[in-house]
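S.K.: Turn this into a model:
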Amino acid sequence: MGSKKFSVSNRLNAGNGQGAGASYTPWLSVNDVPGTGISGKFFGIKTRRHHHTLSKPEKCCYLQCEFNPNVVDIREQFPLYNTQLILELCRKLNIKVSKQKAEFDKLRPRIFTTDILITKNSKGKVWYEAISVKDKISSLITKTNRSLQLQEIERLYWAAHGVAWKLFIPDDLAIINSKNIEFITSPIRKSGHTLPNDIKLAVLKELRVGTFQFSMLSSQLASQLDLHVQLVKQAIAEIFFEHLIEVDLSVDIKRLDLISVLSINDIRSENNPYGNIA
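M.R.: Numbers count the residues shown, from 1 in each chain. Now for the predicted structure:
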């Protein structure tokens, strides 16, 4: 990591850690942690770019955030550029600061990163939340308590910027929820585009509350509407992602091939995003 390829100056010049939405580039990418088998890239529905997650818990957290209707942007591996503040916090907490090469033989304080920084928007009010992701609580408890110290530095850093900081440790329910979100929305990620509203509206009109064999439901709707089954699956995915239907996410939908639709929004309401109802 001390080579010129991975130097701080090179990352800055390449635009790492800068931008927002589709233009954002994470400070660290999956290429920086090769061979782990747990990192990966996947297409973000809201940001319209590929995201880099460095662990399974990070992906779990990302999917939960993306499904939140108030979240409008997600930036992973976000750098904490204010190294002077980091140094001050380390001195106050009596924590040793690691350093890394900036260029040639110069050293600078290590650039810390936050796993996920989300932007939220509710009725025009915009705010940010920083999230640190761990696989389990025991990973924070070490002989030196170094992990806990770093978490505290991160928390205080964001507090100084007026940003709420959270620790995310996925439990069994969060894991199955995120697996289901990933499975249902996979057609959107594969296609990279959204369907016309008339197709989604046609599928939405035919959906009913109840438990169905997912593959059979898709096939039946495709036959009824004279659509390709993949279009129907994507329509269901977009309807689900836009929270026009509520689905039971507590059971493994892919493994059981069962989907339980708990409720359906009234498509006749003025909040229907698909236009006039014929």
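
S.K.: can you give me the strands for the stretch 1-150 of the chain?
M.R.: In the stretch 1-150 of the chain, the segments counted as strands under DSSP state E, counting those that start in this stretch are 40-43, 50-53, 71-79, 99-101, 107-109, 113-122, 125-133.

S.K.: what's the closest of those strands to Ile181?
M.R.: strand 40-43 (11.8 Å; Cβ to Cβ). (Glycine included, C-beta is placed from N, CA and C.)

S.K.: Look up the closest residue to Arg208, ignoring the ones flanking it.
M.R.: Distances taken as Cβ to Cβ, 6 or more residues apart in numbering put Val261 closest to Arg208, at 6.9 Å, once the chain neighbours are dropped.

S.K.: Surely that neighbour is in a strand?
M.R.: Yes - counting by DSSP: H, G, I helix; E, B strand; the rest coil, Val261 is located in a strand.

S.K.: CA atoms only for stretch 230-248 - export them in PDB, please.
M.R.: In PDB, the C-alpha atoms belonging to stretch 230-248 read as follows (Å, rounded to 0.1, in the frame of the first residue of the first chain):
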ATOM      1  CA  GLN A 230     -38.400 -11.300 -17.400                       C
ATOM      2  CA  LEU A 231     -40.300  -8.000 -18.000                       C
ATOM      3  CA  VAL A 232     -42.900  -9.100 -15.400                       C
ATOM      4  CA  LYS A 233     -40.200  -9.900 -12.900                       C
ATOM      5  CA  GLN A 234     -38.600  -6.500 -13.400                       C
ATOM      6  CA  ALA A 235     -42.000  -4.800 -13.100                       C
ATOM      7  CA  ILE A 236     -42.600  -6.600  -9.800                       C
ATOM      8  CA  ALA A 237     -39.100  -5.600  -8.800                       C
ATOM      9  CA  GLU A 238     -39.700  -1.900  -9.500                       C
ATOM     10  CA  ILE A 239     -43.100  -1.900  -7.900                       C
ATOM     11  CA  PHE A 240     -41.600  -3.500  -4.800                       C
ATOM     12  CA  PHE A 241     -38.600  -1.000  -4.800                       C
ATOM     13  CA  GLU A 242     -41.000   1.900  -5.100                       C
ATOM     14  CA  HIS A 243     -42.900   0.600  -2.100                       C
ATOM     15  CA  LEU A 244     -46.200   0.200  -3.900                       C
ATOM     16  CA  ILE A 245     -46.400  -3.300  -2.500                       C
ATOM     17  CA  GLU A 246     -45.300  -4.600   0.900                       C
ATOM     18  CA  VAL A 247     -43.700  -8.000   0.900                       C
ATOM     19  CA  ASP A 248     -42.800 -10.300   3.800                       C
END
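
S.K.: Please spell out which residues along that stretch are buried.
M.R.: Buried residues in stretch 230-248, defined by neighbour count with 16 or more other Cβ atoms under 10 Å: 231-241, 244-245, 247.

S.K.: mind putting those in JSON lines, secondary structure and pLDDT included?
M.R.: Formatted as JSON lines, the buried residues of stretch 230-248 follow (DSSP: H, G, I helix; E, B strand; the rest coil; pLDDT from 0 to 100):
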{"residue": "Leu231", "secondary structure": "helix", "pLDDT": "97"}
{"residue": "Val232", "secondary structure": "helix", "pLDDT": "98"}
{"residue": "Lys233", "secondary structure": "helix", "pLDDT": "98"}
{"residue": "Gln234", "secondary structure": "helix", "pLDDT": "98"}
{"residue": "Ala235", "secondary structure": "helix", "pLDDT": "98"}
{"residue": "Ile236", "secondary structure": "helix", "pLDDT": "98"}
{"residue": "Ala237", "secondary structure": "helix", "pLDDT": "98"}
{"residue": "Glu238", "secondary structure": "helix", "pLDDT": "97"}
{"residue": "Ile239", "secondary structure": "helix", "pLDDT": "97"}
{"residue": "Phe240", "secondary structure": "helix", "pLDDT": "98"}
{"residue": "Phe241", "secondary structure": "helix", "pLDDT": "98"}
{"residue": "Leu244", "secondary structure": "coil", "pLDDT": "95"}
{"residue": "Ile245", "secondary structure": "strand", "pLDDT": "97"}
{"residue": "Val247", "secondary structure": "strand", "pLDDT": "98"}
